[in-house]
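[1] take this sequence and fold it.
(one chain, ligands or ions: 1)
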Amino acid sequence: MYKIENHLVSDATRAYAHLDEAGYQAMYRQSLEQPEQFWAEQAKRFLTWEQPWSKVHESDLSQGQAAWFIDGKLNVSVNCIDRHLPSRGEQTAIIWEGDEPTDDARISYRELHEKVCRLANVLKARGVKKGDRVCLYMPMIPEAAYAMLACARIGAVHSVVFGGFSPDALRDRILDADCQVVITADEGVRGSKKVPLKQNVEKALKDCPNVHSVVTVQRTGADIPWHEHRDLWYHDAIAGVSADCAAEPMDSEDPLFILYTSGSTGKPKGVLHTTGGYLLGAAMTHHYVFDYHEGETYWCTADIGWITGHSYIVYGPLCNGATTLMFEGVPTYPDASRCWQVVDKHKVNIFYTAPTAIRALMAKGDEYVTSASRTSLRLLGSVGEPINPEAWEWYFHVVGDSRCPIVDTWWQTETGAIMITPLPGATNLKPGSATRPFFGVEPALVDPEGNELEGPASGNLIIKRSWPSQIRTVYGDHQRLIDTYFSAYKGVYFTGDGARRDEDGYYWITGRVDDVLNVSGHRIGTAEVESALVLHDAVAEAAVVGCPHDIKGQAIYAFVMPMHDIEPSDALVAELKAFVAEQVGAFARPEFIQWTPGLPKTRSGKIMRRILRKIACDELDTLGDTSTLADPSVVDELIAQRLNRA
Ligand code: WT7
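    Here you go, the predicted structure:
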């Protein structure tokens, strides 16, 4: 066990970094006091515009409205590829590390340009036009990045669906965005296991009559279902088109992508991001937070199916002309030394991962780490959930040899880019704290009535002003955007997270205050799991809460009331777990299922989750008031039968 203590910025880090403390303070102050000037300078510095904007910014958060760089024109693929060709055409843009350690590839910016242009032409030939939605259901292969950038090149809006989602979840997302084209692979490969992506697409498309084209990348050569008129092989299709494709000039506020995320209700939300503001947010944070310097190799272990993969594998790094590493496999295959073997093999300088991965590797023992040299490493990052200080210190001392600063970055699918984070050359670190706001971000803490709290305090985390990479709408349902984020507290953005601010103004994120769970960094709405459970014939009613888990952060705990004629059994528990995995995806499989003859409800029929949460977490001494329950006796039964006890 390492001592938990604050870590000051080292002289070496400060000397190397883009910014020191005075630099951070000056820029942060300017970003709040002269936002127009600040953002105009940054947008010119980080992006290449085909036409300048007429106005930097306009917003009305009470209506969930925000626009940045109004009337400005640019193309994301030009910013991520074309403009780098004269200076770094032969530089590696993407290092691909396959599932097997012997499988890797390097793709130069010039090659990336050719691949993206060809795929863009394939999409065009299939009738895809500016504004059309294209669904990507792909493994972690370079073609996934080509597909995102090909959409951006022609102004199509991509909707990447994580490859771990079930056919039903895929279908719901294709239908919600009315995607007419799907790009996929025959199979994915992770930890030597195959994922039947094309087969899943086939199942999903039974209910999607508007999908007229499916482009399939051949990854494993598996036998797959095929439809002559609808399906085309990626390799055949790109061979038959030109390697040049003019980029569509896009308005700064034209949509770039939709990415579905979970909220408190069963229906996932299509978070929509636009062009100029999003790209600036991704590029600028990648530059300052990871302190990226020309020539460095940067590795973010996320999947492109999540926002972290969008902003910090593809858009941020490529916009900055970086070398970004894309990893197909898992950190424990062939064994738990894989990440550090990869770091040594590709001389990775910056490594960004999730606390759940850090905890899982920590549990395997230090030898897996220390068997690799890791001398290229300079900076470590953490994202996705609060990192416990013990894991932080292990990451710092063992992985980083007590030499590499750790940036604990707080943000969300909706924020598009990192919001609260240390800057390596400026911020003294406290393990477990995401520390201070990034430029232009004005966080605050409020009590449930919306009163702003001053000084050291705990409360709900809000953001008081618009920032360039913020969510623009929930696809197809702007009212839902207003209701979810801009109504709890009028005129400000509500994050759904709770936080504490200490005497130094540092923020400590405590986790979600809504019905959203965070399981191994995957965001899951309790309602999604409940809807899946009640679809099963044996289930009358279900309520789902989270409970602490050593590795996953949180685990799913479900209270299930069987149908009157059903006899609960262990076999049925196993069946229900598998059923949820099939309905939603394996990552949503409940850890615990407790049978119950009834759920604790108020007299008006509302399930009291607060009580269920306490029971699942084995926190019985703080159960709180149960007198408002219609039938308080169910609580005793629930307590007596509770699982999750060591
Ligand atoms: C939720 C957003 C965008 C990152 C990937 C997850 C939690 C994220 C941290 C952090 C504590 C964190 C929050 C947030 N979260 N980063 N550094 N410390 N909590 O994106 O799926 O949209 O989830 O992840 O609860 O609201 P997401």
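[2] hey, where'd the helices end up in the stretch 451-600 of the chain?
    Under the criterion DSSP state H, counting those that start in this stretch, the stretch 451-600 of the chain carries helices at the ranges 478-485, 526-535, 570-583.
[3] so which bits of the longest helix seen in the chain are buried?
    Assignment by DSSP state H gives helix 109-125 as the longest helix of the chain. By 16 or more other C-beta atoms under 10 Å, the buried positions in helix 109-125 come out as 109-124. Bear in mind the C-beta positions are built from the backbone N, C-alpha and C, glycine included.
[4] what about stretch 140-151, distance to the chain center?
    17 Å (C-alpha atoms, centre = their mean, to the nearest Å).
[5] confirm that Trp392 sits in a helix.
    Yes - under DSSP: H, G, I helix; E, B strand; the rest coil, Trp392 sits within a helix.
[6] the helices of the stretch 451-600 of the chain: which one's closest to the ligand?
    With C-beta to the nearest ligand atom as the measure, helix 478-485 is the member of these nearest the ligand (11.4 Å).
[7] elements contacting that closest one?
    strand 473-474, strand 493-501 (3 or more C-beta pairs under 8 Å, 6 or more residues apart in numbering; DSSP states H and E).
[8] does Gly276 touch Gly416 like I think?
    No - using C-beta atoms under 8 Å, Gly276 is not in contact with Gly416; the gap is 11.6 Å.
[9] give me the more crowded residue out of these two.
    Gly416 (31 against 28; other C-beta atoms under 10 Å).
[10] how about the more buried one, what does it touch?
    Taking C-beta atoms under 8 Å, 6 or more residues apart in numbering as the criterion, Gly416 is in contact with His273, Gly277, Tyr278, Gly281, Ala282, Ile307, Ser311, Ser469, Gln470, Ile471.
[11] same thing but at 10 Å, please
    With contact taken as C-beta atoms under 10 Å, 6 or more residues apart in numbering, Gly416 is in contact with 256-257, 259, 271, 273-274, 277-282, 285, 307, 310-311, 315, 467-472.
[12] and these near the ligand, which?
    Filtering those for proximity to the ligand (criterion: C-beta under 6 Å from any ligand atom) leaves Ile307.
[13] what do Gly276 and Gly416 both touch?
    Contact criterion C-beta under 10 Å, 6+ apart; residues shared by Gly276 and Gly416: Leu256, Pro468, Ser469.
[14] you'd agree Asn644 is up against Ala558?
    No - applying C-beta atoms under 10 Å as the test, Asn644 and Ala558 come out as separate, 11.5 Å apart.
[15] more neighbours: those two, which one.
    Using other C-beta under 10 Å as the criterion, Asn644 and Ala558 rank with Ala558 on top: 27 against 16.
[16] that older thread, can you redo the helices and strands packed on helix 478-485 as TSV with mean pLDDT, distance to the ligand and mean neighbour count?
    Formatted as TSV, the helices and strands packed on helix 478-485 follow (pLDDT from 0 to 100; distance: least, C-beta to the nearest ligand atom, whole Å; neighbours: other C-beta atoms under 10 Å):
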stretch	mean pLDDT	distance to the ligand	mean neighbour count
strand 473-474	98	13	24
strand 493-501	98	5	21
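[17] quick one: the ones you listed as a markdown table, columns for distance to Thr324 too.
    Shown next, in a markdown table, are the helices and strands packed on helix 478-485 (distance: least, C-beta to C-beta, whole Å):
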| stretch | distance to Thr324 |
| --- | --- |
| strand 473-474 | 29 |
| strand 493-501 | 27 |
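[18] which among the ones you listed is found nearest to Ala336?
    strand 493-501 (30.7 Å; C-beta to C-beta).
[19] could you list the paired strands of the closest one along with their orientation?
    strand 457-463 (antiparallel), strand 507-512 (antiparallel) (DSSP bridges).
[20] Glu41 sits in which helix or strand?
    Assigned by DSSP states H and E, Glu41 belongs to helix 35-46.
[21] need the residues of the stretch 201-350 of the chain near the ligand, please.
    Residues of the stretch 201-350 of the chain lying near the ligand by C-beta under 6 Å from any ligand atom: Thr261, Ile307, Thr308.
[22] how far away is Met148 from Gly188?
    Using C-beta to C-beta, to the nearest Å, one obtains 16 Å as the distance from Met148 to Gly188.
[23] more neighbours: these two, which one.
    Met148 (30 against 24).
[24] so what's the more buried one up against?
    76-77, 80, 116, 119, 134, 136, 138, 158, 160, 183, 256-257, 304, 309-310, 313-315, 318.
[25] one step back: now, the contacts of Gly416 that are in strands?
    Secondary structure from DSSP state E places Leu256, Phe257, Leu259, Val271, His273, Thr274 of these in strands.
[26] most neighbours among these, please name it.
    Highest neighbour count within these, by other C-beta under 10 Å: His273, with 29 neighbours.
[27] distance check, that residue against Ala66.
    Counting by C-beta to C-beta, the gap from His273 to Ala66 is 11 Å.
[28] who touches both of the two?
    What both His273 and Ala66 touch, as defined by C-beta under 10 Å, 6+ apart, is the set Ser469, Gln470, Ile471, Arg472, Thr473.
[29] need phi/psi at the third one.
    Phi and psi for Ile471, reported as degrees, to the nearest 10, are phi -50, psi 140.
[30] what parts of the stretch 501-646 of the chain come near the ligand?
    Checking the stretch 501-646 of the chain against the ligand by C-beta under 6 Å from any ligand atom, the hits are Ile509, Gly511, Arg512, Asn518, Arg523.
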